[in-house]
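# sequence and computational prediction follow.
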Amino acid sequence: MARRLYGYAAERHAFSEAEAGEALGESVGPAVAELAAAHLIQPRSRPVAATDDSCPDGPAQVYWSAVSPRAAVARTLAPLALRVRETHDEMDRLRVRLEELVPAYDAGTDLRDRGGANALELVTDPAALQDLIGELIASAESEVLTCHPGGGRSTATLEGAVVRDEAMLARGVRMRTLYQHTARYSRPTAAYVERVTALGSQVRTVGDGLMRMILVDRHTGLMEVQDDIKAALVVREPNVVQFMVQTFERTWAEAEPFSTTVGPDQARSISDELRQTIVRLLAEGLEDKVIARRLGMSERTCQRHIAEIMRAVGAKSRFQAGFLLSATAAATASAASATASAPLTRHPAGAPESAAPDGTAGTV
């Protein structure tokens with residue numbers, strides 16, 4: 001109705017509410033109020049020409065006239081524009097006040113690093129941790145090393161990571177990442193790996209023994225906090241960072257390249273390695289949920305593997321399976337040790353050694 005009334009008003013120098021209602025065939029009171037609030041109509045005095053009996057409402061009748069939408073926009077948005085300017089001014093003042101503290105923070109950081117104090121910092125707030133990771137990645141100059149246990153990563157996490165990592169790789173920063181084998185079966189993770197490897201990143205996977213951590217330029221590290229995956233320990237102590245780097249390098253050397261297309265042979269090899277790892281952890285007496293967490297798979301999938309292993313060794317319980325697997329592992333280790341210590345060849349008592357082609361006594 002307001003649009004119809006405005007069209008009616010635009011065709012006239014002035015109109016009364018009664019005239020508009022009669023012409024449009026319905027009450028226009030709410031529409032008049034709406035247009036007036038939007039500054040699209042304005043009250044005006046009764047036109048001089050309208051002084052005859054054609055206007056029975058009398059001289060006290062309120063008349064309205066249309067206002068250009070351009071003028072209405074300016075009047076309507078003026079208060080909002082003022083609030084926006086005030087907000088920007090407040091943001092600028094706040095930015096200046098905070099940036100005044102940068103020299104003090106930098107000086108304190110240098111002193112802290114030289115003295116070795118506060119070289120470990122616990123961050124428990126998830127938002128603050130994400131901001132810190134973004135800041136470290138953005139400031140990386142040469143290399144970033146990352147470990148992500150737990151199988152595939154969530155789509156939401158990867159969407160944020162891919163933008164950040166692509167920008168970093170575009171700057172020429174090297175990046176190497178370790179996942180667990182189970183991440184290969186995560187489509188979002190495989191898609192992420194395909195994008196970053198196209199820009200030069202290297203990605204490998206391992207079965208077990210992966211610790212969540214990030215290393216930036218080999219001088220700052222973040223490592224996981226036990227029993228709190230949303231927290232991290234920030235490490236700036238050079239010796240600890242070096243230990244983290246060495247741990248990464250040892251694991252990297254034993255890892256396998258992450259292929260986004262897993263062929264049958266590779267899938268069988270990975271499955272066999274996961275099965276062997278489950279056997280080892282089961283022999284150690286670990287619970288299903290602990291094994292599943294360490295291998296980055298669901299507890300249900302882990303239980304299915306364990307059931308297959310129990311059938312293979314003829315065990316009727318997890319305890320019995322653990323006992324049988326431990327005994328088998330001990331027997332295998334003992335046999336390997338005996339084989340390693342045994343002489344390579346044995347000669348019958350009193351028998352001469354065989355002659356070599358050159359006439360000397362031969363040995364193997």
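Nice, thanks for sending it over. Numbering: from 1, shown residues only.
# which stretches of this structure have low pLDDT?
45-60, 109-118, 260-271, 318-319, 322, 325-364 (pLDDT under 70).
# mind listing the strands for it?
For the chain, the strands defined by DSSP state E cover 15-16, 41-44, 63-66, 120-123, 143-148, 174-180, 202-206, 213-216, 220-225, 228-235, 256-257.
# need the winner for burial among the ones you listed.
Highest mean neighbour count among the strands of the chain (mean count of other CB atoms under 10 Å): strand 213-216, with a mean of 23. (Each C-beta comes from the backbone N, C-alpha and C, glycine too.)
# that strand packs against which elements?
Contacts defined by 3 or more CB pairs under 8 Å, 6 or more residues apart in numbering; DSSP states H and E place strand 213-216 against helix 126-139, strand 143-148, strand 220-225, helix 238-254.
# show me what contacts Gln181?
In this structure residue 181 is His, not Gln. Applying CB atoms under 8 Å, 6 or more residues apart in numbering to His181 gives the contacts 205-207, 256, 270, 273-274, 295-296.
# any idea which of the helices and strands packed on strand 213-216 is most buried?
Greatest average neighbour count among those goes to strand 143-148 (a mean of 20), per mean count of other CB under 10 Å.
# nearest residue to Leu145 other than its sequence neighbours?
Leu215 (4.2 Å; CB to CB, 6 or more residues apart in numbering).
# partners of that neighbour in the sheet?
Listed by DSSP bridges, the beta-bridge partners for Leu215 are Leu145, Gly221.
# any chance of a markdown table for the strands of the chain, columns distance to His88?
Shown next, in a markdown table, are the strands of the chain (distance: least, CB to CB, whole Å):
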| stretch | distance to His88 |
| --- | --- |
| strand 15-16 | 42 |
| strand 41-44 | 31 |
| strand 63-66 | 34 |
| strand 120-123 | 31 |
| strand 143-148 | 35 |
| strand 174-180 | 37 |
| strand 202-206 | 43 |
| strand 213-216 | 33 |
| strand 220-225 | 34 |
| strand 228-235 | 33 |
| strand 256-257 | 50 |
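# to Thr76, which of these lies closest?
Closest approach to Thr76 among the strands of the chain is made by strand 41-44 (12.9 Å; CB to CB).
# give me the residues contacting that closest one.
Strand 41-44 has contacts (CB under 8 Å, 6+ apart) with 6, 9, 14, 32, 35-36, 62-67.
# same question for stretch 195-207.
162, 165-166, 169-170, 174-181, 183-184, 193, 251-252, 254-258, 260, 270, 273-274, 276-277, 295.
# could I get the CA-only coordinates of that stretch as CSV?
Extracted in CSV, the C-alpha atoms of stretch 195-207 (Å, rounded to 0.1, in the frame of the first residue of the first chain):
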residue,chain,number,x,y,z
ARG,A,195,45.6,-28.3,-3.4
VAL,A,196,48.7,-27.6,-1.2
THR,A,197,50.9,-30.1,-2.9
ALA,A,198,50.2,-28.4,-6.2
LEU,A,199,51.9,-25.4,-4.7
GLY,A,200,54.9,-27.3,-3.5
SER,A,201,53.9,-28.5,0.0
GLN,A,202,55.0,-32.1,1.0
VAL,A,203,52.7,-34.4,2.9
ARG,A,204,53.4,-37.9,4.3
THR,A,205,51.6,-40.3,6.6
VAL,A,206,52.5,-42.7,9.5
GLY,A,207,50.6,-45.3,11.4
